[in-house]
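Undergrad: sequence unknown, structure follows:
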């Protein structure tokens, strides 16, 4: 299991934790580590997620598979849906805002969500910048496709990172590719951490500060937790991402676009928890019927213009 004792902070009993502080934001994110966050559109789905052992839910108006299929503009979920979900379940509730939409983020904070996902799945609102997250009291999660993108979001104040994958497809290949890119980037930084000149060159290439990159080199990982997301549809998919040193997984359309959501939700949680035991992952895989899985959409035949993972990647 990944070691989460990587942030150089005092023990909480020895420091006054302020609302909105980095300690509190990153501390909350650590609390959901090693678990599964499930996208939901209503309290019934949220209850299924909670019963299955999800560590949190993410409230949307539509699942990414439906957003992809229907086109149009995708915005934050309705306040009523978010409030009803918060009142229905006991696990943390997250919600998405559009990239760069400062006001949607403030509305979600006012509603009392536990974390905001500034998500490329929704229609981007600002093509010039992401939300500057430091003034908010609620923690943020952002997506990435490589180490540079992850660190730029962290410098903006993100308390948690997730791979973007290709949401709403049921194809895990892009989540695997993005996690490989992050891991390769970390290995490269670790290899040159004692060479200031080489590290400075990397920092310029990734458009991040030298200090941020040096911290990654010392830690040997991101300074915040990193979940996998995008295309995870089976217990084996979830276990594969954990094996690639993820701290947990987001399951987007894979559960509720299948015909066996209760079994699939429980199986993915079980596989994520016991990813190091092939016999238990096999047990989880046998809990689901792949003939009932979401139809899916292969990445290889998808036009670049149809991919949502590139949204905000160059900011």
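TA: Happy to help now that I have it. This is a predicted model, so every value here is computed, not measured.
Undergrad: For residue 56, give me phi and psi.
TA: With angles defined as degrees, to the nearest 10, residue 56 sits at phi -170, psi 170.
Undergrad: Might you report the residue contacts of the closest residue to it other than its chain neighbours?
TA: Spatial nearest neighbour of residue 56, excluding adjacent residues (C-beta to C-beta, 6 or more residues apart in numbering): residue 92 at 4.0 Å. No exception for glycine: its C-beta is placed from N, CA and C like everyone else's. Residues counted as contacts of residue 92 (C-beta atoms under 8 Å, 6 or more residues apart in numbering) are 28, 32, 55, 56, 57, 114, 115.
Undergrad: average pLDDT across stretch 29-47?
TA: Per-residue pLDDT over stretch 29-47 has a mean of 93.
Undergrad: Please point out which parts of it sit buried.
TA: 29-30, 32-41, 43, 45-46 (16 or more other C-beta atoms under 10 Å).
Undergrad: Closest to residue 102 out of these?
TA: residue 29 (21.0 Å; C-beta to C-beta).
Undergrad: give the contact list for the closest one.
TA: So residue 29 contacts 115, 139, 141, 159, 160, 224, 225 (C-beta under 8 Å, 6+ apart).
Undergrad: Can you tell me which of those end up in strands?
TA: Among these, the members found in strands (DSSP state E) are 115, 141, 160, 225.
Undergrad: quick one: the third one from residue 150, how far?
TA: This points to residue 160. According to C-beta to C-beta, to the nearest Å, residue 160 stands 10 Å off from residue 150.
Undergrad: what touches both of those two?
TA: Overlap of the contact sets of residue 160 and residue 150 (by C-beta under 8 Å, 6+ apart) consists of 142, 226.
Undergrad: Return the subset of the buried residues of stretch 29-47 lying in helices.
TA: Among these, DSSP state H puts 29, 30, 43, 45, 46 in helices.
Undergrad: Just flag the most distant two among the residues you listed.
TA: Pairwise over those, using C-beta to C-beta, the maximum falls at 30 and 43, 26.9 Å.
Undergrad: which residues does residue 142 bridge with?
TA: Beta-bridge partners of residue 142, counted by DSSP bridges, are residue 118, residue 161.
Undergrad: My guess is it contacts residue 162. True?
TA: Yes: at 7.5 Å, residue 142 counts as touching residue 162 under the criterion of C-beta atoms under 8 Å.
Undergrad: where do the contact lists of these two overlap?
TA: residue 117.
Undergrad: Let me know the closest of the contacts of residue 92 to residue 272.
TA: Closest to residue 272, out of all of those and judged by C-beta to C-beta, is residue 55, at 9.5 Å.
Undergrad: which residue packs closest to the closest one, ignoring adjacent ones?
TA: residue 35 is the one closest to residue 55 (C-beta to C-beta, 6+ apart), at 3.1 Å.
Undergrad: need the strands for the protein, in chain order.
TA: Under DSSP E, the chain gives strands at 36-40, 56-59, 93-98, 115-119, 140-144, 160-163, 225-228, 248-251.
Undergrad: any chance of those strands in JSON lines, with distance to residue 174 too?
TA: Formatted as JSON lines, the strands of the chain follow (distance: least, C-beta to C-beta, whole Å):
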{"stretch": "strand 36-40", "distance to residue 174": "17"}
{"stretch": "strand 56-59", "distance to residue 174": "19"}
{"stretch": "strand 93-98", "distance to residue 174": "19"}
{"stretch": "strand 115-119", "distance to residue 174": "15"}
{"stretch": "strand 140-144", "distance to residue 174": "11"}
{"stretch": "strand 160-163", "distance to residue 174": "8"}
{"stretch": "strand 225-228", "distance to residue 174": "10"}
{"stretch": "strand 248-251", "distance to residue 174": "13"}
